[in-house]
Every structure is written in C-alpha cells, then in structure tokens.
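> Show me the folded form of this:
(one chain, ligands or ions: 1)
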Amino acid sequence: MTFLDMLRDATARNHSLLCVGLDPEPAKFPTHWRGDASKIFDFCAAMVDATADVVCAFKPQIAYFAAHGAEAQLEKLMAHMRSVAPQVPVILDSKRGDIGSTAEQYAKEAFERYGADAVTLSPFMGLDSVLPYLQYEGKGAFLLCRTSNPGGDDFQAQTLANVPGQPTLFEHIAQLAQGPWNTNGQLGLVVGATRPQEIERVRAVAPTLPLLIPGVGAQGGDAVATVQAAQGGPMVINSSRAILYASAGMDFATAARAVALETRIALNHAALQA
Ligand SMILES: O=C(O)c1cc(=O)[nH]c(=O)n1[C@@H]1O[C@H](COP(=O)(O)O)[C@@H](O)[C@H]1O
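This next block holds a predicted model:
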C-alpha cells in the first residue's frame, strides 16, 4: 500500500484531516516526567495511544529525538505506531537535503531504519537531492514550499525573473513538484497554515498533490481558512505543541485527546463549509 493510499484510508476511517506532530521536549513533559529524556518513548507512545483513532497521520520530528541521543526511542516508537495504529501513515519530519550519494543514506535512514511512510525534504539542492527518496516505491516525500516561519519570506517569496511567468520561488517549487519532478506520483508539498492565501495559490498550481500543513495550534494558524484554502486535493493538517502539552498533570494523555478531538471537529467543520 502506498503512502497516498494509507493517507486516504486513514482520513476516511478516522474522519480526520489532523496529523499529531510528535515533538517531544522533556522540559515540557508532565510534572512527574519533567526533564527526563528517558521518557521520550513513553510520552510519545501515550500520545499515539490517546489519538490513534482521531488522526490521519503522525509526524515525529527527528531533531527532538536526536538532540537527546534518543534514536533508539524513535525506533521503538516507529515500531509501536506500526503495531497499535498500522493503518495510520507516519511522516518522518527530517527536512533533509543533500547531494545524491548522501541523500541515499538519508533515504535509507528514513525508510529502512525507521520504516517511515513519508519524509519531509528541502528542495534547495535540486532534483538530484530528491531522487534517491523516489527510488522507494510508494513512499511519500513532502518538499518544503511555503513554510510557516517568518523567515519563509526571505527566499520563498522572491520572484524568479528568469523562469517563464516569473513565479515566486514557492510557486516554482509547486510547479516542479506537480509536474516534471513527480516521476512516480510520490511528491507532496509543505505549506504553512500561517499563510492561507498562499496555500490557495499553491493548491491552484498543484491541484492533486498532498499538502502537509503545519502551523495551526501553537503558531496561531487559522484552521478554517487553512482547510478552505487547501480544498480540492489531499491535505494533512499538523498540530504538535497544542496537543502534546495540553496538560502538565497526570491527565496529560486525556487532555491531549480532548484537544485532538476539538481540532478534528474544527477541521471537519471547515471542510463542510468550503
Ligand atoms: O515540515 C514541517 O513539518 C514544518 C514546516 C513548517 O513550515 N513549519 C513547521 O512548523 N513545521 C514543523 O511542524 C511542527 C509544528 O509544531 P507546532 O507549532 O507545535 O504545532 C514542528 O515539528 C515544525 O518543525
């Protein structure tokens, strides 16, 4: 089953556009585990168990594991997700981007070591830095396109004077991903929920690609505007901190589930209005 099939199935089965981002920060853990990096697996597994029937995807961010030397805990978490939620695709957020030979190693890490169903990638180094990921049939690869952070303007909003139509850089990335770079139908795009008008533009340029949209919740992106802007093709709306750290008490998993349920309802409501 391909990443896109899994995404479609999980979206339908769980009636959900919501992806829970797994960004474990020991300093923010519930009081009884606060500061304890050995609890990264336990914390994330509790989140997975509490939300597996509410989401269309999970997105572990690799830096939150690597920063604590917790790669073994990430491996254990990937196995846990496959066991308790085999129908939910896992997007490994690693934002890699390097020359082909090194990209081969990163692709191996994501798909063979961790068994991810999709990855996030930086397209900055060009097509040959993306191709090694596309060798893994059926796996997804989301290219950073219009990111949610303020510095996203520095390059992504610039106009490319030497490209026909003079698109912005982010529009050009969307055109490449929808067209010539999408050799096996595996590409998607990352667009920030903080920029709904530009999501709409990306959707116009890339009508069929799955959009991974972080930025609702802690970054303040408008859930309704986001869903409406991305209508017409597959979408995965990520929220991390607002769900993970909903409570610092013993009820942290129940509180996370409650926020996930609320977010799912808000996203579905927006989809109905669109
Ligand atoms: O690729 C991403 O996932 C990503 C792209 C982007 O433009 N903005 C963005 O916030 N992210 C990631 O999405 C998550 C957002 O987390 P919260 O702001 O806590 O919901 C983090 O893991 C970020 O690294």
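> interface residues of the chain facing the ligand?
21, 23, 61, 93, 95, 120, 147-149, 190, 192, 214-215, 217-219, 238-241 (Cβ under 6 Å from any ligand atom). From N, CA and C alone the C-beta is placed, and that goes for glycine too.
> The residues you listed in helices, which ones?
Among the residues of the chain next to the ligand, the members found in helices (DSSP state H) are Arg241.
> The residues of the chain next to the ligand, buried ones only, as a ChimeraX selection?
Buried residues among the residues of the chain next to the ligand (16 or more other Cβ atoms under 10 Å), as a ChimeraX selection:
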select :21,23,61,93,95,120,147,148,190,192,214,215,217,218,219,238,239,240
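> In strands, which of the residues of the chain next to the ligand appear?
21, 93, 95, 120, 190, 214, 238-239 (DSSP state E).
> Dump those residues to JSON lines, plus pLDDT.
Converted to JSON lines, those look like this (pLDDT from 0 to 100):
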{"residue": "Gly21", "pLDDT": "98"}
{"residue": "Asp93", "pLDDT": "98"}
{"residue": "Lys95", "pLDDT": "98"}
{"residue": "Thr120", "pLDDT": "98"}
{"residue": "Val190", "pLDDT": "98"}
{"residue": "Pro214", "pLDDT": "98"}
{"residue": "Asn238", "pLDDT": "98"}
{"residue": "Ser239", "pLDDT": "98"}
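> which of the residues in stretch 74-94 are buried?
74, 76-78, 80-81, 85, 88-94.
> Greatest separation within those: which pair is it?
Distance extremes for these: the farthest pair is Ala85 and Ser94 at 20.4 Å, using Cβ to Cβ.
> Which one of the buried residues of stretch 74-94 is nearest to the ligand?
Asp93 (4.6 Å; Cβ to the nearest ligand atom).
> Tell me which two in the ones in strands among the residues of the chain next to the ligand are the farthest apart.
So, these by Cβ to Cβ: farthest apart are Lys95 and Ser239, at 18.0 Å.
> that older thread, can you list which of the buried residues of stretch 74-94 are found in strands?
91-94.
> could the residues you listed go into CSV alongside distance to Tyr133?
Shown next, in CSV, are these (distance: Cβ to Cβ, whole Å):
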residue, distance to Tyr133
Ile91, 12
Leu92, 11
Asp93, 14
Ser94, 11
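> of those residues, closest to Gly138?
Ile91 (13.9 Å).
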